[in-house]
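Q: Here's a sequence, model it:
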Amino acid sequence: MPRPSLPPSVGVLRDAVRAALDGGPAVVPLARTTESPVPPGTALVVRTSGSTGTPREVALTAAALGASASATHERLGGPGRWVLTLPPTHVAGLQVVVRSVLAGTPLTAAAPDARFTPDGLADLLEPTLDAAGDDPVYVSLVPTQVHRLLAAAQDGAPRGLTALARSAAVLLGGAASPPALLARAREAGVRVVTTYGMSETAGGCVYDGAPLRDVRVRLVPPELSGPPQGIPDAGPDRSGEVGVVELGGPTLAAGYLGDDDATAAAFRTGADGSRWFRTSDLGRLAPDGTLQVLGRADDVVVTGGVNVAPAPVEALVGELLGGEACVVGVPDAEWGQALVAVVALPAASSGGPSLAPVDDAALAAVRSAAATRLGAPSAPRRVYAAAALPLRGPGKVDRSGVVALVREHEAHA
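A: The predicted model follows:
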């Protein structure tokens, strides 16, 4: 079976990335948003998703990209062949190209504008796996794609999931991975490796909770009015304290182009000369030292004067109802913000992300489980089903879009 030919535009991108890593001009896959010059040594200029506000342009050096790729291959068991299914304009997709270039192995890629389908992934993976010989085959996905693969297999179309299970490793990032989704994928034989990182860290730099080689993680006190609720008890030791995640090490970006103030606020240099990037995420360190990310600090919902972290509630709702969930706060006269969950259930609607309340039994089950496991403030007041959640960037749920959907629905209910 012949290996799929590389789409011409991806082939051009791969050649440009190779040249940039060798000291050539920086690769800029999206139109510039500023007129500021690109600093010397920059290999890639990537745009953030804008989930923390206005998208910014991030300057990544060849050294940062090389450190990330080398540490990734070391963690996975060695260089291999990569399959690209993510947009080659965002850091996760671009890193697949970088790893392939630095490994010196063939790259298999879908056309940049191709719609992801389970059979389409099988069309890419099957010939790559057959031609790989002793080379491991790696692929990077977002949770929504894995959900579609599992759903297709359940509906009698298992080609994509079967091919994925033959891969040496599947990097899963871009958004939080619901525990139920991870369990189902691993039960199907998929070697899932969860990743955490962002454009400013050259993509994923913490795999399955453990930092890559030379990457450092620390937590700083969150600037909140009180401790977030909905976080399971960490036990008597102090390892479970919640803080804002900061990341350090050789994978950090040089900074933001054209925004010195934002660079100074996000990238800080310690007295010992070490650089740290302050994320927008809350996390805690488990007793074994692994990082558990609890969601964005500014996603915390203040309801009835209590701070609730959405991530544990989302995991619980997804576990009980079987879909990807997003938990948000909507204005409420009594509570200040009411905790509302929206769960993506493809059977909920034949159209877009319109909302429908779950039945009373499902709502009662969610509220009871949340109150028991996470505390009464973490019990959603309302739960809606939608065919899909609005997205911002590859696999990232648009929380402001979810809030807008809820408010529009409730205004006309």
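Q: Report the central residue of the protein.
A: With distances taken as CA atoms, centre = their mean, Gly174 lies nearest the centre of the chain, 1.8 Å away.
Q: quick check, it in a helix?
A: No - remark: Gly174 does not belong to a helix; assigned using DSSP: H, G, I helix; E, B strand; the rest coil, it is coil.
Q: Looks like it contacts Arg392 (just checking).
A: No - Gly174 is beyond contact range of Arg392, at 10.7 Å (criterion: CB atoms under 8 Å). Where you see a C-beta, it was placed from the backbone N, CA and C, and this is true even at glycine.
Q: Quickly note the distance from Ala151 to Val358.
A: Computed with CB to CB, to the nearest Å, the distance linking Ala151 and Val358 is 19 Å.
Q: ugh, wrong one, I meant Leu389
A: For Leu389, the distance to Val358 - CB to CB - is 15 Å.
Q: And for Gly304?
A: For Gly304, the distance to Val358 equals 22 Å [CB to CB].
Q: pretty sure Leu257 contacts Val45?
A: Yes - counting by CB under 8 Å, Val45 is a contact partner of Leu257 at 6.7 Å.
Q: Now do the shared contacts for these two.
A: Residues touching both Leu257 and Val45 by CB atoms under 8 Å, 6 or more residues apart in numbering: 38, 57-59.
Q: closest to Gly322 among those residues?
A: Lowest distance from Gly322 to the shared contacts of Leu257 and Val45 (CB to CB) belongs to Val58, with 36.0 Å.
Q: What is the three-state secondary structure of the closest one?
A: Going by three-state DSSP: Val58 is strand.
Q: Okay, and the beta partners of it?
A: Val58 has these beta-bridge partners by DSSP bridges: Val46, Tyr256.
Q: so what pLDDT did it get?
A: Per-residue confidence for Val58 comes out at a pLDDT of 96.
Q: wait, what's in contact with Pro171?
A: Wrong residue type there; residue 171 is Leu, not Pro. Residues near Leu171 by CB under 8 Å, 6+ apart: 72, 138-141, 193, 195, 204, 207.
Q: now those residues in a markdown table, with distance to Ser368?
A: Formatted as a markdown table, these follow (distance: CB to CB, whole Å):
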| residue | distance to Ser368 |
| --- | --- |
| Thr72 | 42 |
| Tyr138 | 41 |
| Val139 | 39 |
| Ser140 | 38 |
| Leu141 | 33 |
| Val193 | 34 |
| Thr195 | 33 |
| Gly204 | 36 |
| Tyr207 | 35 |
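Q: Not counting the helix or strand where Ala265 lies itself, show me its contacts.
A: Under the criterion of DSSP states H and E, Ala265 resides in helix 260-266. Defining contact as CB under 8 Å, 6+ apart, one finds that helix 260-266 is touched by 56, 200, 255-256, 277-278.
Q: Just the buried subset of those residues, please.
A: The neighbour count (16 or more other CB atoms under 10 Å) marks 56, 200, 255-256, 277 as buried among the contacts of helix 260-266.
Q: Helix, strand or coil: sort out Leu65 for me.
A: Per three-state DSSP, Leu65 ends up helix.
Q: Same check on Glu35?
A: With three-state DSSP as the criterion, Glu35 reads coil.
Q: for the one 3 residues further on, same thing?
A: Taking three-state DSSP as the rule, one finds Val38 in the coil state.
Q: In contact with it, which residues?
A: Neighbouring residues of Val38 by CB under 8 Å, 6+ apart: 26, 28, 45, 59, 257.
Q: Which helix or strand contains Arg373?
A: Assigned by DSSP H and E, Arg373 belongs to helix 360-374.
Q: for Gly283, same thing?
A: Going by DSSP H and E, Gly283 is in strand 275-285.
Q: Looking at the next helix or strand after that strand now, give me its mean pLDDT.
A: Using DSSP H and E, the next helix or strand after strand 275-285 towards the C-terminus is strand 291-296. For strand 291-296, mean pLDDT rounds to 86.
Q: quick one: strand 291-296 to strand 275-285, angle?
A: Calculated by axes from the mean of the first three to the mean of the last three CA atoms, to 10 degrees, strand 291-296 forms an angle of 100 degrees with strand 275-285.
Q: What strands line up against the helix or strand just after strand 291-296, and which way round?
A: Per DSSP H and E, the first helix or strand lying C-terminal to strand 291-296 is strand 301-303. Note on strand 301-303: by DSSP bridges, its sheet partners are strand 306-308 (antiparallel).
Q: where in the stretch 51-200 of the chain is pLDDT low?
A: 51-53 (pLDDT under 70).
Q: just the stretch 251-400 of the chain next, same as before
A: Scanning the stretch 251-400 of the chain for pLDDT under 70 picks out 346-353, 393, 395.
Q: now stretch 164-178, how far from the centre of its chain.
A: Its chain's C-alpha centre and that of stretch 164-178 lie 11 Å apart, by CA atoms, centre = their mean, to the nearest Å.
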